[in-house]
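J.: Predicted model follows, preceded by the sequence.
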Amino acid sequence: MDHLKYLACLVVLAINLDLSIGGELTFELPDNERECFFEPIEKGVKCTIEFQVITGGNYDVDMELMAPNGQILYKDVKKQYDSFTWTTDQKGVYQFCFSNEFSTFSHKTVYFDFQVGDEDPILDTENANAHHTAMTMMETSVYHIHEELKKVDDYQTHHRLREAQGRVFAEDVNERVLYWSMGQSIVILVIGIGQVLVLRSFFTDKR
Amino acid sequence: MNLHVAFLTFSVFITASSALYFHIGETEKKCFIEEIPDETMVVGNYKVEVFDRNVNDYVPTVYGLGMHVEIRDPEDKVVLSRVYAAEGRFTFTSHLAGEHIVCLYSNSTAWFSGGQQLRVHLDIQVGEHAVDYQQIQTKEKLTELQLRVRQLLDQVEQITKEQNYQRYREERFRQTSESTNQRVLWWSIAQTVILLITGFWQMKHLKSFFEAKKLV
């Protein structure tokens, strides 16, 4: 019975620790707005924040990263893409804010990836039978493949974002070509007819 | 025994409070975009806290505040639209490749926008990150090595899906570019024709006008 409780405890712990902290989100930042995100982090943890503007305006956004004591760790204006790594020197809530306040009418889509610490190694009940022995060749290989695949996933994400940027812009251009062409045609017709009417009025006797 | 229960309860709290969070108003809606291939599972964990003025801090909601989760697929059709409790988890599997929009807003019936501030902890995991390997191991009784290989298989499958989706996106991009090219060509021709016709019409009309006025 005790064994079961112990196992249940470990399972719950494993599930809990399996929930990775940090996160990767894509959101829309309306013009003249500021969005902040917060994350409570322990001391001495290596963190990485990476962001990229996907659509909107000049593809730039202001970013500010603040430590719990108010110290500004990173602050930059009108950046399209950046990545910042730091090791936390205090425990507390770290906040990072994206600002589109300099823009009056273009809302931006911003992607950010906030990684806290290493990936959770808990995949199974490693707590129960911790690695007292060294990993076998197979296990080492599997681990390496896993790390490489994570890199592939990362590259794919970046590729997807770059591609989305180009694609959205191309679709925007496509739409704009249509509307502006239609508009121009209407303007030509209106001016053409208007010129004739005005000229006619010059030669018409006004009663 | 009591220690175990206490530890279990405590550990649940540790988990829920360590995710990324942001603030929204009570009537505000916050949306996130997930561009994913088809047949991909997305799991979202969230927790909502309300700002309590007495304590001057965010406390877990006690009354019936729920979160309305709405997910739309690339064709703007609602895939999931449910009200969950103040703390919960939503799952959906995409059937179409593309941009899915996950929206969260509280189901409070406040009329004015100056309602309470809510703190929302959110964690969205996509694809193989959303898989609970612990569960798979206990269900299928795999050894650690088997489980790790299973994870690798899932990762590779996700990469393949993403590559496939990438091919479809590139095709769309190419189609858009070709469409722009066509549009520029045809509209330029059309505008030139309109200009010529307008010019001819103007001259013809004015000629007949002046002839009628006996000025020519």
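T.: In hand now; what should we look at?

J.: Please state the offset of the helix ranked longest in chain A from the chain centre?
T.: The helix that spans the most residues within chain A, counting by DSSP state H, is helix A:137-202. Here helix A:137-202 shows a centroid-to-chain-centroid distance of 18 Å under the convention Cα atoms, centre = their mean, to the nearest Å.

J.: and it, what does it pack onto?
T.: strand A:46-55, helix B:144-212 (3 or more Cβ pairs under 8 Å, 6 or more residues apart in numbering or on different chains; DSSP states H and E). Heads up, the C-betas are built off the backbone N, CA and C, glycines and all.

J.: The first one: what's the following helix or strand?
T.: For strand A:46-55, the succeeding helix or strand toward the C-terminus, using DSSP states H and E, is strand A:61-66.

J.: what's the following helix or strand after that following strand?
T.: Note on strand A:61-66: by DSSP H and E, the next helix or strand toward the C-terminus is strand A:72-79.

J.: Which neighbouring elements make contact with that following strand?
T.: strand A:46-55, strand A:61-66, strand A:81-87.

J.: I'd like to know which of those strands lies nearest to chain B.
T.: strand A:46-55 (8.6 Å; Cβ to the nearest Cβ).

J.: contact partners of that closest one?
T.: Strand A:46-55 is contacted by residues A:22, A:26, A:41, A:59-61, A:63, A:65, A:74, A:79-88, A:94, A:96, A:98, A:108-118, A:158, A:161, A:164-165, A:168-169 when judged by Cβ atoms under 8 Å, 6 or more residues apart in numbering or on different chains.

J.: remind me which residues of the chain are low pLDDT?
T.: No chain specified, so I'll use chain A. A:1-21, A:119-133, A:206-207 (pLDDT under 70).

J.: Please refer instead to chain B.
T.: Ranges of chain B meeting pLDDT under 70: B:1-18, B:62, B:64, B:109-115, B:216.

J.: Let me see the contact set for the most centrally placed residue in chain A.
T.: Centroid check for chain A by Cα atoms, centre = their mean gives A:Y111 as the closest residue, at 1.0 Å. A:Y111 sits next to A:E24, A:L25, A:T26, A:F51, A:Q52, A:V53, A:I54, A:L161 when contact means Cβ under 8 Å, 6+ apart.

J.: Can you tell me, leaving aside adjacent residues, what's nearest to it?
T.: Nearest non-adjacent residue to A:Y111, counting by Cβ to Cβ, 6 or more residues apart in numbering or on different chains: A:T26, 4.5 Å away.

J.: Surely that neighbour is in a strand?
T.: Yes - the assignment for A:T26 is a strand, going by DSSP: H, G, I helix; E, B strand; the rest coil.

J.: so it touches A:K108, yeah?
T.: No - A:T26 is not in contact with A:K108 according to Cβ atoms under 8 Å; the separation is 11.0 Å.

J.: quick revisit: can I get the contacts of A:Y111 in CSV including neighbour count?
T.: Converted to CSV, the contacts of A:Y111 look like this (neighbours: other Cβ atoms under 10 Å in any protein chain shown):
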residue, neighbour count
A:E24, 20
A:L25, 19
A:T26, 22
A:F51, 19
A:Q52, 23
A:V53, 24
A:I54, 24
A:L161, 18
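
J.: check contacts around the residue lying closest to B:V126 once chain neighbours are set aside.
T.: Leaving aside its sequence neighbours, B:V126 sits nearest to B:V42 (Cβ to Cβ, 6+ apart; 5.2 Å). Listed by Cβ under 8 Å, 6+ apart, the contact set of B:V42 reads B:34, B:36, B:91-94, B:100, B:102, B:124-127, B:130.

J.: Most widely separated two among the residues you listed?
T.: Farthest apart among the contacts of B:V42 by Cβ to Cβ are B:V102 and B:G127. That separation is 14.7 Å.

J.: Run the chain-centre distance for the longest strand along chain B.
T.: Looking across chain B with DSSP state E, the single longest strand is strand B:41-52. Centroid separation for strand B:41-52 versus its chain: 16 Å, with Cα atoms, centre = their mean.

J.: circling back to that earlier point, now restrict the contacts of B:V42 to buried residues only.
T.: Buried members of the contacts of B:V42, counted by 16 or more other Cβ atoms under 10 Å in any protein chain shown: B:E34, B:I36, B:F92, B:S94, B:H100, B:V102, B:I124, B:Q125, B:V126, B:G127, B:A130.

J.: The strand or helix carrying the third one pairs with which strands, parallel or anti?
T.: The reference is to B:F92. If you go by DSSP H and E, B:F92 is part of strand B:87-93. Counting by DSSP bridges, the strands paired with strand B:87-93 are strand B:41-52 (antiparallel).

J.: Who are the packing partners of the next helix or strand after the strand it pairs with?
T.: Of the helices and strands lying after strand B:41-52 in sequence (DSSP H and E), the nearest is strand B:57-60. Contact here means 3+ Cβ pairs under 8 Å, 6+ apart; on that basis strand B:57-60 packs against strand B:41-52.

J.: for the strand it packs on, which positions count as buried?
T.: Result for strand B:41-52 [16+ other Cβ under 10 Å]: buried residues B:M41, B:V42, B:V43, B:G44, B:N45, B:Y46, B:K47, B:V48, B:E49, B:V50.

J.: can I have it written out in PDB, keeping just the CAs?
T.: Provided in PDB are the C-alpha atoms of strand B:41-52 (Å, rounded to 0.1, in the frame of the first residue of the first chain):
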ATOM      1  CA  MET B  41      -2.500  17.800 -31.300                       C
ATOM      2  CA  VAL B  42      -2.500  21.000 -29.300                       C
ATOM      3  CA  VAL B  43      -2.800  21.000 -25.600                       C
ATOM      4  CA  GLY B  44      -3.300  24.200 -23.500                       C
ATOM      5  CA  ASN B  45      -3.100  24.500 -19.800                       C
ATOM      6  CA  TYR B  46      -4.400  27.600 -18.100                       C
ATOM      7  CA  LYS B  47      -5.200  29.000 -14.800                       C
ATOM      8  CA  VAL B  48      -7.100  32.200 -14.000                       C
ATOM      9  CA  GLU B  49      -6.600  34.300 -10.900                       C
ATOM     10  CA  VAL B  50      -8.500  37.400  -9.800                       C
ATOM     11  CA  PHE B  51      -7.000  40.500  -8.300                       C
ATOM     12  CA  ASP B  52      -8.300  40.800  -4.800                       C
END
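
J.: tell me the angle it makes with helix B:144-212.
T.: 80 degrees (axes from the mean of the first three to the mean of the last three Cα atoms, to 10 degrees).

J.: A:A170: what's it in contact with?
T.: A:A170 neighbours (Cβ under 8 Å, 6+ apart): B:F173, B:T176, B:S177, B:T180.

J.: Sorry, wrong one. I was asking about A:F96.
T.: Neighbour list for A:F96: A:C36, A:F37, A:I49, A:M63, A:E64, A:L65, A:M66, A:Y74, A:F112, A:F114 [criterion: Cβ under 8 Å, 6+ apart].
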